[in-house]
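Engineer: let me see the structure of the following:
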Amino acid sequence: MLLRKLACLTLISSAAAFAQAPAEQPRYGGTAVAALGSDPAALNPDITVGVPDVFAGCILYDGLVRFAEGFRIVPSLAKSWTIAPDGLTYTFQLNKASWHDGKPLTSEDVKFTLLEVSSKYGSKFSAPGQAIREILTPDAQTVVIKLSKPFGPFLFSLACEQNAAILPAHIFRGTDILKNPATLTKPVGSGPFMLQEWVRGSQLTFVKNPNYWAKGEPYLDRLVVKIMPDPGARILALQAGEIDYIDQYYFPISAFKVFEKNPKFSLKEVNYPSDDIIILNTRKPPLNNAKVRQALLIALDRNYIQKNVFLGSGQAGVSAIDTRIPWAYNPAVNFEKMYPHDKAKAEALLDEAGFKKGPDGTRFTLRLSFDPGRGEYTSWAQAIQRYWQAAGIKVVLEGAERPVVLKKVYADYDFDATLQNYSTSGDPALGISRAYHSSYIKQGTNFNNASGYSNPQVDELFDKGRDAADQAGRAKYYFQVQEILARDQPTLVVHQQAQMGAAAENLRGMWQAAAYQWWNRAWLRK
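Structural biologist: The predicted structure is shown next:
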């Protein structure tokens, strides 16, 4: 229905209309310090959805729109837009902006980015990219995007963190996008900060862009992002005043009660609904057998994991589509009822599948790959190991730094099972289908269909859900696909996250955004 309502209106938006008036007058100057758990794999936010990459990339680049609190779509590089009544034509007027090298940002950059980078390399933008028929650039400040069919979440898809950061065509055109120096180490953005220095394993230093298109911003002179793999060290540094901010992805839930009533800090649940999942490599036995995958889910006590590993935050996962997207969630699908924890039933399913216990009590061995930089993931891996081994499955834990895990899982397919966090991106077409649709089996591209699961019926239903003109029409296809995925279980949805960001009280201007924070608005109170 949202698209229909929008299509009937001419939407003229202004940055000022949506800006939240700060409670205090912002102060200029100073250096804020944030912490991530690992270095970015790249500085181009259009080719990955990795948190370090997007966190850093969306400091350097902007999208056409961005998300205010509650996921209100507000202007960014696009100062205004109109949507045709049939929902097939979007016309954007751009703010006058320039790249960090001084060249002007124009409509040609938008066209190049969305057609040649986002559509081809961005797992989140793949679906909206397929809906684009053509992009016209009648003048330097006007972009007209024509769709071949309605696409419900198209405007939602044009934010930086949706693989839609606008990139400089004069830097990327005619190059290998993945190997371009601007992707890897020498970004040329239009965002509020520029990269001054990157000392791998230590920190990234960003300096103020004096020619930022949003006049009077940013307020900070510098932003330092420290690389701190140890969750405990991040918490101690925040308490000691050595850092000012921990991104929600790297703030361990175990620390919530330490900070929640301390007036020196502010906490906020931010980001899209995200899920903690176990991706199973279905390319080879025994994980190519649906009964085995069902047994693995039944063998896990997900409520115990939710209460003890994730400390009661969030809730146990019950479907492939997160319940916090209520219009798309099928209430008839509930893993708690369909696959309650039952060790005996899990063992019976494994026997039926032909994987009986050997003389040593072992059925087969699984290697579990995970990033211990996530505060709860080591405990989660150990819990999985105990539950699966109780059913006769030997589990070898393979904890490694994030870049190593990403290479093994997404580039080499050298894993049996892996612990990952997938954002829903607020819409099944943007953040959920990528884990199951055959078109997202793209070796070497992170955070897609790493399981190798391929089901033409699932592909068709996801496509129809993406293309229907209103939410009611979309929902009926998503309801059907959940029923199939509940049976096939290529990826086990174990936990729906509650994600908290944490900031020192003197770091002001935070929490204006729904997900990745707007560092151009951040300032320090002395």
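
Engineer: from the chain's centre, how far out does the helix or strand containing Gly473 sit?
Structural biologist: Applying DSSP states H and E as the criterion places Gly473 in helix 471-488. Distance, stretch centre to chain centre, for helix 471-488: 22 Å (C-alpha atoms, centre = their mean, to the nearest Å).

Engineer: show me what counts as buried in that helix.
Structural biologist: Going by neighbour count (16 or more other C-beta atoms under 10 Å), the buried part of helix 471-488 is 471, 474-475, 477-482, 485-486, 488. Just so you know, the C-beta spots here come from the backbone N, C-alpha and C atoms, and that holds for glycine as well.

Engineer: next helix or strand past that helix?
Structural biologist: Next helix or strand after helix 471-488 toward the C-terminus (DSSP H and E): strand 491-496.

Engineer: how about the residue positioned nearest the centre of the chain: which residues does it bridge to?
Structural biologist: In the chain, the centroid-proximal residue (C-alpha atoms, centre = their mean) is Ser423; its distance is 4.2 Å. Ser423 has these beta-bridge partners by DSSP bridges: Ser274.

Engineer: that one: what's it in contact with?
Structural biologist: 49, 271-274, 431 (C-beta atoms under 8 Å, 6 or more residues apart in numbering).

Engineer: go again with 7 Å.
Structural biologist: Taking C-beta atoms under 7 Å, 6 or more residues apart in numbering, we find Ser423 in contact with 49, 271-272, 274, 431.

Engineer: sorry, back to before: specify the angle between the helix holding Gly473 and strand 491-496 in degrees.
Structural biologist: For helix 471-488 against strand 491-496, the angle by axes from the mean of the first three to the mean of the last three C-alpha atoms, to 10 degrees is 110 degrees.

Engineer: contacts for helix 471-488, please.
Structural biologist: Outside helix 471-488, the residues that touch it by C-beta under 7 Å, 6+ apart are 1-2, 152, 290, 319-321, 327-328, 330, 333, 338, 428, 436, 453, 455, 457-458, 461-462, 464-465, 468.

Engineer: what do you get if the cut-off is 6 Å, keeping everything else the same?
Structural biologist: By C-beta atoms under 6 Å, 6 or more residues apart in numbering, the surrounding residues in contact with helix 471-488 are 1, 152, 290, 319-321, 327-328, 330, 333, 428, 458, 461-462, 464-465, 468.

Engineer: what of stretch 119-138?
Structural biologist: Residues contacting stretch 119-138 (C-beta under 6 Å, 6+ apart): 46-47, 49, 107-108, 111, 118, 144-149, 151, 154, 157, 162-164, 177, 425, 429-430, 434, 447-448, 466.

Engineer: one more: stretch 31-50?
Structural biologist: Residues outside stretch 31-50 that contact it (C-beta under 6 Å, 6+ apart) are 52-54, 56-58, 117-118, 121-122, 124, 160, 163, 165, 183, 187, 200, 220, 222-229, 234, 243-246, 250, 373, 402-403, 446-447, 507.

Engineer: make a ChimeraX selection of the buried ones in the residues you listed.
Structural biologist: Command for ChimeraX, covering only those of the contacts of stretch 31-50 found buried under the criterion 16+ other C-beta under 10 Å:
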select :52,53,54,56,57,58,117,118,121,122,124,160,163,165,183,187,220,222,223,224,225,226,227,228,229,234,243,244,245,246,250,373,402,446,447,507
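
Engineer: let's see which of the contacts of stretch 119-138 end up in helices.
Structural biologist: Judged by DSSP state H, the subset of the contacts of stretch 119-138 located in helices is 107-108, 111, 466.

Engineer: dump the residues you listed into JSON lines; add neighbour count and distance to Asp412 as well.
Structural biologist: JSON lines is the format used below for these (neighbours: other C-beta atoms under 10 Å; distance: C-beta to C-beta, whole Å):
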{"residue": "Ser107", "neighbour count": "21", "distance to Asp412": "40"}
{"residue": "Glu108", "neighbour count": "17", "distance to Asp412": "37"}
{"residue": "Lys111", "neighbour count": "20", "distance to Asp412": "35"}
{"residue": "Arg466", "neighbour count": "25", "distance to Asp412": "30"}
